[in-house]
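Novice: Predicted model and sequence below, questions to follow.
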Amino acid sequence: MNKVIIAVAFIAAALLASFSARAADPAPVKRAAPTLEQRVADLEAYVNNSGRGADNTNNVSSNLGTYDEKANTFTPNPGPGPNAWQMTSAALVLFMTLPGLALFYGGLVRRKNILSVMAQCLLITGMVTIMWYICGYSLVFHHGKPDSALGKFLGDFGYAFLNNVDSSPNTDYSFWVSQNVFAMYQLMFAIITPALIIGAIAERMKFSAIFLFMFLWMLVVYFPQAHMIWGIDGMMNGLANPAAKIHAIDFAGGTVVHMTSGWSALVLCLILGKRLGFGKENFSPHSMVLCMVGTGMLWVGWYGFNAGSAVAADVVAANAFTTTTLATAVASFVWPMMEWFVRGKPSVLGFCSGAVAGLVVITPACGFVTPTGSVIIGVVAGLVPWFFCYKVKGWFGYDDALDTFGVHAVGGTIGAVLTGVLARNSANANLATNLKSYVTDTALQPLVFEQLKAIGVTLVLAISGTIVIAYIVKAVVGLRPSEDVESIGLDLAEHEEEGYHG
Amino acid sequence: MKKIEAIIKPFKLEEVKDALSQIGIEGMTVSEVKGFGRQKGHTEIYRGSEYKVDFLPKIKIEIVLPDNRVDGAITAIVSSAKTGKIGDGKVFVSDVEEIIRIRTEEKGDAAI
């Protein structure tokens, strides 16, 4: 463990050294009290989820916030409605990990390893939250430091330790949602993403190795990827950043969450090797019941994930809620129908896998496509990941234990492509702001090629990052437990607990 | 005194128990066991992975009876547990040397 702590401290110090805090000097401006018209305009802005008068003009104050004349700063109040929705969404996304994903994955492993999966989900929740507080939120959502190489990939440290992150909205991301709520909402995404990787490496990775791997992976893969796609000055944030190098879009995390975790999962499971007895022993799920319960929680929680990504309870969120429902229902129908057709029996795991695949594929698209677009996405989600799990995995023989690659990497990638193909101005008026020349409402609109470029960057980052981290972890603490530990089961050997007694 | 061990299909337990109580046999020991004979196992498919499950769940009933009641009990078990399909199970009969009721320390037939 000493080696782990030294490595962790070294990386944190290196990162801190390469950044310094930003400073701003506001020029003093005299503000007038708002007129009745301006006060009404504030209320309209609240209902329409747009910026209030005081945000846009320097000489007008607003009663929906506090104006400090001496410092010439205006601190806008959050909107109670948007905050209520965002806090609910944040809780829903946490619910996807605890206990949704823990049960979904836990049910699929053998009974001797169920607690190991749950311990890993819990570990990631705590560890990522600490990282998010220290630097994660800042690295993702602060502006990058200008004229610095790292500033192109990561935000600066202005929000480190959640400094300057209070209940007042950060208008880069939302006019009415408190920034601390926004930070907690985005934290839940940072938690579930590494937790998804567990699926590929289940039942055979040391707890200490997972600890170190996930820590490094957040710094090297997740924070840069999330900043590039979602940061206000992100180089792949086509929606909000007109100066983006790649004009890609990703509504709720097809590339940030599913592609990064899925492709990293494949690489890690290849480096890790197969489970002991793979292909000889029986690895069937110990409880399809828990798996189904987890699936239901994931589906419900995903509304917070997808519709919540509008960061407002507005027209975009309403559309995202609709498309999420349609795509998921269609995929959960298509997958087991394919099983029925090809193998003769529709399985509960087929229904569950189809639902998750549908949720994954619609994730980047949900806020940008029409209901019909989402049905197309649902059909593809039921077919392509199914094919990867049923056929491709067998052809190549990799031990992606719980199909993180087949569902999340494959689903996330085709989702990113389909978002490019199916994004329509009619579904999201914001597409006309910075992407007018990219979204032309045709199947081969220029956005498709921007999406392909973003996929390329994501693949390079996830794959190369994971290879480097995996070998570092292998050198420092080792990846696999001993054969004895693996046969006894990780629950008893690594946690001295058993999932079931009697 | 003889011991009857019957391996039966799990869903037949209630019927066998009822048939035995109808002829006045009220005590038995039941355990959940696994095994295979001619029936062999089945396959389970989870996504792309196919697993052959050799050991099937069965119920084992153990009863100890005086010699004169053994034939009746066997008939009751066989007729109630039979489905006519492969995997119905087997009945084993063996001699028992001694029985002791722990509470009263009675021995032999009196302890049954």
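Specialist: Okay, I see it.

Novice: any idea what residue A:255 is structurally, helix, strand or coil?
Specialist: Secondary structure for residue A:255, judged by DSSP: H, G, I helix; E, B strand; the rest coil, is helix.

Novice: now do residue B:61
Specialist: Note that with three-state DSSP, the state of residue B:61 is strand.

Novice: residues contacting it?
Specialist: B:4, B:5, B:6, B:8, B:13, B:16, B:28, B:29, B:30, B:77 (Cβ atoms under 8 Å, 6 or more residues apart in numbering or on different chains). All C-beta atoms are positioned from the backbone trio N, CA, C, and that covers glycine.

Novice: rerun that using 10 Å as the cut-off
Specialist: Counting by Cβ atoms under 10 Å, 6 or more residues apart in numbering or on different chains, residue B:61 makes contact with B:4-8, B:12-13, B:16-17, B:20, B:28-31, B:73, B:77, B:81, B:89, B:91.

Novice: what's the neighbour count on residue A:402?
Specialist: 27 (other Cβ atoms under 10 Å in any protein chain shown).

Novice: Not counting its neighbours along the chain, what's nearest it?
Specialist: Closest residue to residue A:402 apart from its sequence neighbours, by Cβ to Cβ, 6 or more residues apart in numbering or on different chains: residue A:199 at 3.6 Å.

Novice: Tell me how chain A divides into domains.
Specialist: Per automatic domain parsing, the domain ranges recorded for chain A read A:32-77, A:80-495.

Novice: First-to-last residue distance for the last one?
Specialist: It stands for domain A:80-495. 43 Å (Cα to Cα, to the nearest Å).

Novice: Equivalent analysis for stretch A:200-219, please.
Specialist: 20 Å.

Novice: pLDDT (mean, whole number) over it?
Specialist: What stretch A:200-219 shows for mean pLDDT is 97.

Novice: ditto for stretch A:368-379
Specialist: Average pLDDT, stretch A:368-379: 98.

Novice: Which positions in it come out as buried?
Specialist: Within stretch A:368-379, the residues that count as buried by 16 or more other Cβ atoms under 10 Å in any protein chain shown are A:368, A:369, A:370, A:373, A:374, A:375, A:376, A:377, A:378, A:379.

Novice: And the pLDDT for the nearest residue to residue A:138 once chain neighbours are set aside?
Specialist: With Cβ to Cβ, 6+ apart as the criterion, residue A:138 has its nearest non-adjacent residue at 3.7 Å, and that residue is residue A:159. pLDDT recorded at residue A:159 is 97.

Novice: what's the spacing between residue A:159 and residue A:130?
Specialist: The spacing between residue A:159 and residue A:130, counted by Cβ to Cβ, to the nearest Å, is 15 Å.

Novice: Of those two, give the one with the bigger neighbour count.
Specialist: Neighbours per residue (other Cβ under 10 Å) separate residue A:159 from residue A:130, with residue A:159 holding more: 23 against 11.

Novice: returning to that earlier point: number of nearby residues for the residue nearest to residue A:402?
Specialist: 26.

Novice: next one: the helix or strand that it is a member of to chain centre, how far?
Specialist: Per DSSP states H and E, residue A:199 falls inside helix A:179-201. In terms of Cα atoms, centre = their mean, to the nearest Å, the centre of helix A:179-201 is set 6 Å apart from its chain centre.

Novice: Next: stretch A:449-469.
Specialist: That offset, for stretch A:449-469, works out to 15 Å (Cα atoms, centre = their mean).

Novice: list the buried ones in that stretch?
Specialist: A:450-451, A:454-455, A:457-459, A:461-463, A:465-466, A:469.

Novice: And the strands in chain B, which stretches?
Specialist: B:2-8, B:29-35, B:42-46, B:49-53, B:56-65, B:89-95 (DSSP state E).

Novice: helices or strands next to the helix or strand hosting residue A:417 in the packing?
Specialist: Using DSSP H and E, residue A:417 sits within helix A:410-422. Contacts defined by 3 or more Cβ pairs under 10 Å, 6 or more residues apart in numbering or on different chains; DSSP states H and E place helix A:410-422 against helix A:260-272, helix A:315-343, helix A:348-362, helix A:371-387, helix A:447-476.

Novice: mind giving me JSON lines with those helices and columns for distance to chain B?
Specialist: Supplementary listing: these in JSON lines, determined by distance: least, Cβ to the nearest Cβ, whole Å:
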{"stretch": "helix A:260-272", "distance to chain B": "15"}
{"stretch": "helix A:315-343", "distance to chain B": "6"}
{"stretch": "helix A:348-362", "distance to chain B": "5"}
{"stretch": "helix A:371-387", "distance to chain B": "9"}
{"stretch": "helix A:447-476", "distance to chain B": "23"}
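
Novice: which one of these lies closest to residue A:303?
Specialist: helix A:315-343 (6.1 Å; Cβ to Cβ).

Novice: elements contacting the closest one?
Specialist: Using 3+ Cβ pairs under 10 Å, 6+ apart, the elements in contact with helix A:315-343 are helix A:80-95, helix A:288-306, helix A:348-362, helix A:371-387, helix A:410-422.
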